Structure formats: structure tokens, C-alpha cells
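>>> Predicted model and sequence follow; I will ask about them next.
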Amino acid sequence: MIMKKRTRPTTSTPNTTAEWQLSDELRLLSFNVGHGDCTLLEYHQENVIAFRCLVDAGQSLPVALLEHLRKHPRATGAPDIDVLVLSHVDADHLGGFSRLLAEGVSIGEYLGPCLPTFRRLQWLFAPRIQTAVDKASAFEADLIARKIPVCYPLEGFTASYVASRVTLSVISPAARLLESLSTLRNAELSALLMRHPLPLQWLLEPGGDEPQDDSQQVRDLFRGRISLSPGDFDGDILASTGLPPEALSSASASLETGLEPDFFGNAVLNDTSLILVVDVHLNANYRRRIVLTGDQENWTYIAARHPGGLGVDVVKAPHHGGRVYMDDRTEAVDSLYLWLRPRTVVVSANGRHSLPRNSFRDSMRKIGATLICPNVRGIEPLSAGMTSKPSEKSCFAAMACTSPSGGVTTLRLTGDGDSSDARACVQGAGHSGAAPIVVLRQDIIPASESLVRYTRRELEKHGEWIKGTLAVRHKEFLSRTEGTNDEFAVRAQMAAAEWSSIAILAKAAERHDLVADPGPVLSFAHSQRFFWINTGTHRMREEHKLYRLPLSSEIESALQWVARVPRILLRGTYEARALATRDPIDILSKAGWQVLDSLIGAKLSVPVELVEDEIRPLILPLIANTFSLRICPTDYPHSEPRPGDLYLLLEQKTGAASSALPALSLSGPIWDSICNWHNTKPEAPWDALHQFAKTEMLFGIFFDRSRYGHSSLMDPFTNGLHKKTESVAARFLSANWTCLW
């Protein structure tokens, strides 16, 4: 135990007591780099620097950092920086790294993001991020050339230093997340990247069966690992995303504005930030914990993995005091900091992108945390509840702040207290309790029957049982229909299991609590994606419908089939505004997809409602990116297009000109079986629709009897046709088709 006892006076007095000198100290130096991060951690033992860790280096390396390193050299043989960490590949975090080596700064080891994954996705990012990926790659290559160890830490990684007095732990990103970003292709990847923030709640779900494909080597690489290295990716083992470079340009343009910063794919960088928990034991008796968060926005998964919080002394504010989320959708700045409950929060921002946000500063007041900010306030509020103007989204604007160039703010953490050499923007209560201005109220609410009956483990057990039951039903359905003459037609009419039938099996299995109160189980299992359920209905529970979720390999096969269809003919009703914006997803989502949904359902042997909920959202971006679109009116196809009922003709554009598409004959036995189908026949000609979609065009029959009856999409082109003088194809192609994209 490193403690130094002070000398006692030779003559004792009543007031004399033994005093102990607390010599250990943890320092956090936050360098003012404007909008960006550059944080140096130092552990001092007996006034000697025993450990140094630098996390990020701003847009450019701060001069104050180099001056500090020169004025406070390490002991002989120790590197200037024991551990260098890059939280994520963004210009305002990695810009100064290359100069470190140029200035002769010695480095013990390097922890950074898994660059092979980000190089795979590089074309998705804005030019400045593409440049950042290149710079990070060049810096990493320089480290390797200098024989400095390079590591890609994942959730669960830990490393100890100074006889285990200092421990670095990584709590994010999860290996499964990087595995998905390294293997997903086509529409699955597109659907994931079009969300902000990056969805993370799915990481809490149990992993499903994975297909044995060319990505298996990469999946095996991530499984059970807490760290990787550049050598693990030798041979360029990561497959292409399967998307052309222009595939997501329209999606990028249609994202909502107001994101900080606003460009497509930024959530991938932010929400894969390397989150570092640093534990330091001072004088072997006092633990101090610092959490460095990068630009992490979505904390859904992390909070669920650590439900009791992290016990934080100091936290570097995630994303410069910007938006944060706790449920994949809703901003939750108060919830995040109530969960973290830090004593002190350090933020680095200078008003750019309206950061730090007013709501962030207000949260510090609510939880009683001390806020340390490098900016200088131009006004001093005389009341805690001073209201900001609507135009002042950031506290930087509300407080008329200025951002001094250069400089450093130092926090000192010792066994008997913490201090800072800068004024606090918000003075906290000095502990992790609630702030004095918060009024706490406790309501006593009788426990519901569901809360008394179920624990989380019981919910999981019931959900797994239902999942297994649905899987058995699926296999039995396949065995009953396999090899029959009308196999495809029967599978196109696949129906989901009603809850009432599952309840019978649950009673037989003596799961009486599940039968008595299925609501919590169904809600929990659906949120964990154990199975599909028609959550859109608010009827009695007997009318809930359930089914097994398709495997990712099955979904991929469906997407590949759609990608090979040469043409698709649809019908939809549109207002002038929808046509003027020409937004692909908006236009496609308003069309009638019943035939395609049924064909996909037949191919996967799943209910058409499941296709609509789970698979169609993956298909629409694929179609928007790989098909062209022309329109014409349905009542008079040869007249000018106008708002109202319209035909939509989608044609493959990827890899070939339209002239290279299969010829459109609109004739033959298969064509006749589709067009001669009438209400007198019990089932639609699904086999014929499927075959014709592969060779010429996907089209079909309307299912809304009240509006269309069972009329074919091609009726306006076949009715009254003079067979001797013109063909259906000629009349169809001569319609007044107007190109939208």
C-alpha cells in the first residue's frame, strides 16, 4: 500500500491525530480543440507519471498537448504515451494523430476501430469521412511499420497497467454489430444504414440460424472474440456490399435535416464508437472511474447490458453534448444521464452544429452533476430556470459564449476530493444524488398481475416455447405441401397461426400462466424478435396471428429473385405533390404490392402479412435503386399522366440498358392462363404469375373486390384489341409512359 505517514510531533497534544498523505492522483486533461475531442489521462504515483493514455487528437494536434508532453517527460525507457486510443473514424477525433509520430512522440500500443469494416463501407460516407478512413489507414500502416502493436478492441476487452492499479475496459462496440456490418449485403445493409440512430436493440435478441455462405469465415472471425488485429483480415476476406456506389444516393438526399453533422451513414461511425471505461485505484484504497464515450448516440444496448449503471466519477459527454437515445428512436438525454449518474461531466464543443444542446446542460442541473466546459460565458444567468429563445438550440448561443483558442482544462481526482482549474458551467451537488432543484415524488401503485406472475426469465422461456412451436408448424406445413401438384399455389395462401390454436397447445403443455395472461409474453417476445406477430391489430388476443420469422438466408434468396425480375407492373393512386417530389420510397410504398407479396410468401412459405411487415421494407429500397420507373394513367393509358390512378412500370437498369431486357411478347400459354382467369376460379394462377415474372414481367390481379373486382392489370390493353392488326405488347409499349427516374 503506497502511503506515506507524516512525522508525529514529539510532544503530543489533545488535538494531535495521525494524518496520512494521499500521494496518488489521476488527472484528466481536456485540450480545447473547438468542436472535437482530445483527452489525456495521467496516473501519478509519488509525483511521478506512472501511466498515460491519449484518447483522440482533435481536428489537428493541439500545440498545448505537445508542450505538455515536453515539459513533463516520462522516466527513462517509458513511452511518452502508454496507450493511444482512437474512439472512431471522424476528422474531429483523428486529425492530429499523424503529427504525433512526426513530432517524435513515442507510443506503447494503439487501440482503434476495426478499419477493415469501415473500408468495406467507405463509399457510403461523405467525402470528409472517406478521407478520414484513408488517413486512419495510413496512420495504422505507419504504426505497424514502426512495430507498435495495433489492436481492434471489442466489447469485453480489458487491459491492466501499473501492477493492475489502472484498468482499461471496453463496453462497446459489440462484436455482433461489427460482424453484421462486415457481412450484410444489399437491401439488408441498406435498411440498416438508412436509420438514425443506428439500430442497436436487435443486439439484445438471441442470434438466429446463420446460412453457410461465403461470409462464414468472417462470422467465425468475430464469434467469441474481444479483440482483433489487422492480421486477422489478411487476404481481403470481407465481401463486397453488393451495392453499386450510387445505390443509396437518393436515400441520402431524403434524410431528415438537423442531424449533427447531416450526412448519410454518419450514425454508423458514431454508434460504433469505442467506449472506454478507465478504473484507477488511488493509494490502493480509492477507486476513480472515467468513461470516455466518443460520439456514441444510441445507448439502448449498452444500458441494457449494464442496467445498474456504471458508477461514474467523470464522463466525457457523448457526441459533444448532442442527441442521445435509449430506445433506438426517441431522444433521451435525461434518461441517459440519470442512468450514468456522473459526478462530473466534461464537454468539448464550440457552438458548431448547435452543440452543446440546451437540453444537455439542463440535464446536468437536474441530476446534480458538475459541468466543465472550455467556453467562456458572455452572460451569467441570475436564475436557474432562465428560458432560452427558440432560435437558441445550444447553450453556447443561449449563454453568449466564446470559445478560447488553445489551452487545456485539468481535472484532478484524488482520494480526498476532486478539483478543476476551470470554472464550472453548472455547479453540481458533489455526489451522484439528485440535484436540489429536482422535486422527487413517490407514487405507490399496486403491482399488476403480470408483474407478479412473470420474471424476465419466465418471459424468455414462454417466448422460446412459442418460437419452437411455430418452427414445428412451419416444418409440418412444408412436409404436407412438398411435391403436390399445386405446391406453389398452396404456399401462396399460407396462413399465420392464430393465438387460439397456440393456446390449445400451451394448455396441453401445462403452461397455464401463459394461457391466462399471454399479453406480456407476446409483447416481450415480439420486441426480442422471437417470432412475428400482427401487432397492428388491437382486437381480442384470440385474433392475434403469429408465425416463424424467416432466416436471413431465406430473405436474401427472396431479394435476389426480385432483383432478377425484368419488369414489374403496379397500380397506385397519387396526388400531385407525391409526383412532384419524385421520392422513390414514397411513390413505391403507395402502390399495390399484393401479387409480389403473395409470390414472396409462396417462395418462403410464410403468410403474406409477414411479407408486408418484414420483407417488403427491404425490397422497396432495392427496387428504388435497381429499377427505372415510368408512369401512365390507368383509364386512358395513351393520354398525358395526371394525379389519380396510375400504372407504374418498373424496369431493370442495373448492368444493362433497357434494350437488353428480355423481349416483351405478352403472349403464349402462360400469358393466356393469367389473362383468362376469372372470378369463377377459386384461386389465382400463382404458378403462371411466378413463371411469367421470371421471363417477361411481374403483374397480376387486384384483390380489392369493392373497387376492382378481380380484373387483370392488363385489361385496358387487351379489351377491344384487334388481334389481326396489333398485339398486346405493341399497345402496351405505345402507351404514354413518362419517366420519373
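Yes, it's here.
>>> Could you use CA atoms for every contact and neighbour count after this?
Fine.
>>> Excluding chain neighbours, what is closest to T183?
The shortest distance from T183 to any non-neighbouring residue, by Cα to Cα, 6 or more residues apart in numbering, is to S215 (6.0 Å).
>>> what's the answer for P356, then?
Distance criterion Cα to Cα, 6+ apart; nearest residue to P356, sequence neighbours excluded, is G321 at 4.5 Å.
>>> so the one you found makes contact with R357?
Yes. Here G321 reaches R357: they are 6.0 Å apart, a contact under Cα atoms under 8 Å.
>>> higher neighbour count, those two?
Under the neighbour definition other Cα atoms under 10 Å, G321 and R357 were set side by side, and G321 has more, 26 against 23.
>>> looking at this protein, which helix or strand does the model trust least?
The helix or strand of the chain with the lowest confidence, counting by mean pLDDT, DSSP states H and E, is strand 4-5 at a mean of 36.
>>> how much space is there between W737 and G231?
Taking Cα to Cα, to the nearest Å as the measure, W737 falls 54 Å from G231.
>>> the more surrounded of the two?
Applying other Cα under 10 Å to W737 and G231 shows that W737 carries more neighbours, namely 21 against 9.
>>> Okay, helices next: where are they in the stretch 551-700 of the chain?
Remark: helices assigned in the stretch 551-700 of the chain by DSSP state H, counting those that start in this stretch are 552-564, 576-581, 584-589, 594-604, 608-610, 616-626, 669-675, 686-695.
>>> helices or strands next to the second one in the packing?
Okay, so that is helix 576-581. In terms of contacts (3 or more Cα pairs under 8 Å, 6 or more residues apart in numbering; DSSP states H and E), helix 576-581 is packed against helix 584-589.
>>> Centre of the chain to the helix it packs on, how far?
Per Cα atoms, centre = their mean, to the nearest Å, the displacement of helix 584-589 from the mean C-alpha position of its chain is 23 Å.
>>> which one's the longest helix in the protein?
In the chain, with assignment by DSSP state H, the single longest helix is helix 456-481.
>>> next helix or strand past that helix?
Next helix or strand after helix 456-481 toward the C-terminus (DSSP states H and E): helix 487-492.
>>> and that next one, how far out from the chain's middle?
The gap between the average C-alpha position of helix 487-492 and the chain average comes to 36 Å, counting by Cα atoms, centre = their mean.
>>> next one: stretch 51-65
Counting by Cα atoms, centre = their mean, stretch 51-65 is centred 28 Å from the centre of its parent chain.
>>> Look up how far R120 lies from A591.
Per Cα to Cα, A591 is found 34 Å from R120.
>>> Neighbours of the residue lying closest to R377 once chain neighbours are set aside, how many?
Taking Cα to Cα, 6+ apart, and ignoring the residues beside it in sequence, R377 has C401 as its nearest neighbour in space, at 4.3 Å. Residues contacting C401 under the criterion other Cα under 10 Å number 17.
>>> Now do the contacts for C401.
The neighbours of C401, taking Cα atoms under 8 Å, 6 or more residues apart in numbering as the test, are N375, V376, R377, G378, I379.
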